[in-house]
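>>> turn this into a structure:
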Amino acid sequence: MRTKQVKIGYAIYKLLEQEHVELLRSPAKGLIEHDRLAITLETDQSLPEKFQSLMHELTHGIADMYDVELDEVETNRIATGVAIFIVDNLPLVEELVKMVKDNRDVFPGSPSISTETK
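Residues are numbered from 1 along each chain as shown. Prediction:
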């Protein structure tokens with residue numbers, strides 16, 4: 001991936017790739033580590049698999065940031081639903097991104113939301 005970081009709430013996570021992702025559960029294609037502020041994805045994945053793995057880890061990050069308890073099945077369902085929504089509605093997503101860039105006050109009372117990238 002060209003993008004090397006992602007912001008979830010107030011935290012900026014590094015986006016990393018490596019050959020094998022070690023986890024207690026198997027098989028794992030990705031891992032989010034809150035203490036290291038890192039999301040690691042296995043390199044040996046097709047582009048659709050990598051997209052799904054990233055969406056899965058982002059869903060974990062969002063759920064943890066906003067104190068929502070999700071098990072792995074729920075995390076997969078939400079991640080898959082959001083991923084399909086993005087792919088199926090790309091023109092709308094692009095329009096929404098432009099709206100947010102043009103109006104930073106879209107989310108009043110939530111100073112942690114920013115569209116800036118580094």
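
>>> biggest helix in this protein by residues?
For the chain, the helix reaching the highest residue count under DSSP state H is reported as helix 47-65.

>>> which residues sit against that helix?
For helix 47-65, the surrounding residues in contact (C-beta atoms under 8 Å, 6 or more residues apart in numbering) are 1, 6, 8-11, 13, 15, 29-32, 34, 39, 41-42, 45, 68-70, 75-76, 78-80, 82-83. C-beta: built from backbone N, CA, C; applies to glycine.

>>> try stretch 84-92
With C-beta under 8 Å, 6+ apart as the criterion, stretch 84-92 contacts residue 93.

>>> mind listing what's buried along the longest helix of the chain?
Buried residues in helix 47-65, defined by neighbour count with 16 or more other C-beta atoms under 10 Å: 50-64.

>>> how far does it sit from its chain's centre?
For helix 47-65, the separation from the chain centroid amounts to 4 Å (computed by C-alpha atoms, centre = their mean, to the nearest Å).
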